[in-house]
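>>> Take a look and give me a structure for this.
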Amino acid sequence: MSLANIFTIAGSGMNAQNIRLNTTASNIANAETASSSIDQVYRARHPVFKAVHQQVLNQSGMADMTGNSPMGVQVQGIVESDAPLQPRYEPHHPEANEEGYVYYPNVNIVEEMANMISASRGFQVNVDVMNSAKQMVQRVLTLGQ
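Model prediction:
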């Protein structure tokens, strides 16, 4: 593995953690949005990641070890949580339905804050990896002096 691959892997990790931070921020921002209909309530969203390995089979079924295949973390998509919504009896709320219930999202603020801290630290670890690789490249360049 070359140092260029380290930058690719750390960069994909930073991208994945950035998406995780954005979805977590969206969940926190919408945690208290109310709706009178179950179908219109915001649902918590979470990214799905997939590890991408260097050894990928090419079209002939042989392993591609040239280093041209993708590596790192890939975001497969963002899925909505299937956790139950939070119905609250608030008959005087402007969004209350006929029975007086208002539906709130299935966002757990404590869980989202833990996700935010974890994503932030994951992003920082990838930054540290990139800085370490950069320092190694700089030291290699000064070996000939």
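>>> From now on I want contacts and neighbour counts done on CA atoms only, so please keep to that.
Noted.
>>> List the residues that contact the residue nearest the centre of the chain.
By C-alpha atoms, centre = their mean, the chain has its centre lying nearest to Arg20, at 2.3 Å. For Arg20, the contacting residues are His46, Pro47, Asn115, Met116, Ala119, by C-alpha atoms under 8 Å, 6 or more residues apart in numbering.
>>> And those residues, which is closest to Val125?
Nearest to Val125 among these is Ala119, at 9.8 Å by C-alpha to C-alpha.
>>> buried residues in the longest helix anywhere in the chain?
Ranked by residue count, the top helix of the chain under DSSP state H comes out as helix 109-141. Buried residues in helix 109-141, counting neighbours by 16 or more other C-alpha atoms under 10 Å, are found at 112, 115-116, 119-120, 122-123, 126-127, 129-130, 133-134.
>>> Quick check: mean pLDDT of stretch 123-135?
Here stretch 123-135 scores 94 as its mean pLDDT.
>>> Show me the protein divided up by domain.
According to automatic domain parsing, the chain comprises the domains 3-31+45-80+107-141, 34-42+82-106.
>>> Between the two ends of the longest one, what distance do you get?
Across domain 3-31+45-80+107-141, the straight-line distance between its terminal residues is 13 Å, by C-alpha to C-alpha, to the nearest Å.
>>> what about the helices in this protein?
With helices called from DSSP H, the chain shows them at 3-29, 109-141.
>>> what angle do the longest one and helix 3-29 make?
The reference is to helix 109-141. Interaxial angle, helix 109-141 versus helix 3-29 (axes from the mean of the first three to the mean of the last three C-alpha atoms, to 10 degrees): 160 degrees.
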